[in-house]
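[1] Sequence plus the predicted model coming up.
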Amino acid sequence: MWGIVPAAGRGSRIQPLAFSKELLPVGSRLEAGVERPCAVSEYLVERMIRGGADKICFVISPGKSDIMEYYGAGYGDASIAYVVQPQAAGLCDAIFRAAPLVGPDEPVLVGLPDTVWFPDSGLASLPDDRLSFLLFPVEFPEFFDAVVLDEGDRVTEIQVKSPQARSRWIWGAFKMPGRVLHELHALWREPGRGDEYIGTLVNEYLARGGEAAGVRAGTAYVDVGTLNGYRAAIGLLADAAGGESEIASGARVALGRPAGRAVEGLHDANRE
C-alpha cells in the first residue's frame, strides 16, 4: 500500500523557518530510550504505516532536499520514495505527481503532513475497495473542506471552505484503490479542469457516477501550519501523552476556537 505525502508547500503561514515546514518539531518521541524532537510530518507517516502503508511517497519542491536528508530511504518498516512538483500548483497536482508509481490494484492513502490528528489508528477504518474519507468534527467547518453525507454515509458533496457549510465533518485524510486514483487523474487532465482542490474534483467525479464514502472515525484534528495551530497541537499531544482517554472535546475547543480561525488555507497547503 502506498501513502502519498504532499510536501511541496512553502509554509508561508508559519514562516520564517530555516527548514521545510514538514520538519517543524512538534512534541517528542522516544528512540532507543532517548527522547528526541518529532517532526510534524512523522505523525502522518506513522499513521499511514499503522493504516497498512509499506511505501511512502513524498511529493516535494526542488528546494526541499532537507526532507530527503531527514527521512532517507525508509522510515520504520516502510520504504520511502520522492517525486518533485516543479512549482506550487495545488493539492491535486501534487497528489497526481505520484500516480505513475501506483498500480491499479494497490490501495493509496493521502494525508496532509502539517496536521496532527487522533485516533492514530483512524486510517485502518477506511475500506480498500472505494474512495473514502476519514472525517473529523470541527466547530467552524467553513474554514475546511466540509463533507456532506447521505443516510448511508455516502459522500454527496464536498464544500470547499464554504461560508454556508452544511456539515460539521471535514476530511483529514482519504484512501482509494489505485484504479480510482488513475480515474481521478484522467478526469483532472481533461481540458478546462486542472482543479486545485481535491474537493471540486471529487464533486465532478460524483456527478459522473463515481462513489465515495465518509467514515466518521476522527475525534481531534489540528492544522499545525499556524502559530495558534502549533500551540493547539502541543496541547493535544500533551493530553494524549498524559493518558487521557477522552481527548476529543478539549482538542475540539483548541481547534475550533484559537486554531480554527487561522486555518483558512488548510486544504490549500501546496500553494503556500
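    All right, it came through fine.
[2] Quick check: the gap between residue 124 and residue 107.
    Counting by C-beta to C-beta, to the nearest Å, the gap from residue 124 to residue 107 is 12 Å. Backbone N, C-alpha and C define where each C-beta goes, glycine included.
[3] any common contacting residues for the two?
    Taking C-beta atoms under 8 Å, 6 or more residues apart in numbering as the contact rule, residue 124 and residue 107 both touch residue 52.
[4] Those two: which is more packed in?
    Ranked by neighbour count (other C-beta atoms under 10 Å), residue 124 and residue 107 place residue 107 first, with 21 against 14.
[5] Which parts of the stretch 151-272 of the chain are strands?
    155-160, 169-177, 212-215, 220-223 (DSSP state E, counting those that start in this stretch).
[6] Now tabulate those strands in JSON lines and tack on mean pLDDT.
    Output for the strands of the stretch 151-272 of the chain, formatted as JSON lines (pLDDT from 0 to 100):
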{"stretch": "strand 155-160", "mean pLDDT": "98"}
{"stretch": "strand 169-177", "mean pLDDT": "98"}
{"stretch": "strand 212-215", "mean pLDDT": "98"}
{"stretch": "strand 220-223", "mean pLDDT": "93"}
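[7] want to try JSON lines for these, with distance to residue 194 and mean neighbour count as columns?
    Formatted as JSON lines, the strands of the stretch 151-272 of the chain follow (distance: least, C-beta to C-beta, whole Å; neighbours: other C-beta atoms under 10 Å):
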{"stretch": "strand 155-160", "distance to residue 194": "15", "mean neighbour count": "20"}
{"stretch": "strand 169-177", "distance to residue 194": "20", "mean neighbour count": "25"}
{"stretch": "strand 212-215", "distance to residue 194": "21", "mean neighbour count": "22"}
{"stretch": "strand 220-223", "distance to residue 194": "25", "mean neighbour count": "30"}
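[8] Can you tell me which helices and strands the helix ranked longest in the chain packs against?
    Secondary structure of the chain per DSSP state H: the longest helix is helix 227-241. Contacts defined by 3 or more C-beta pairs under 8 Å, 6 or more residues apart in numbering; DSSP states H and E place helix 227-241 against strand 25-31, strand 115-118, strand 220-223, helix 248-254.
[9] residues contacting the residue lying closest to residue 135 once chain neighbours are set aside?
    Nearest residue to residue 135, sequence neighbours excluded (C-beta to C-beta, 6 or more residues apart in numbering): residue 169, at 4.2 Å. The contact partners of residue 169, by C-beta under 8 Å, 6+ apart, come to 135, 136, 137, 138, 141, 146, 147, 149, 214, 216.
[10] where do the helices sit along the stretch 51-200 of the chain?
    65-71, 91-96, 178-188, 198-207 (DSSP state H, counting those that start in this stretch).
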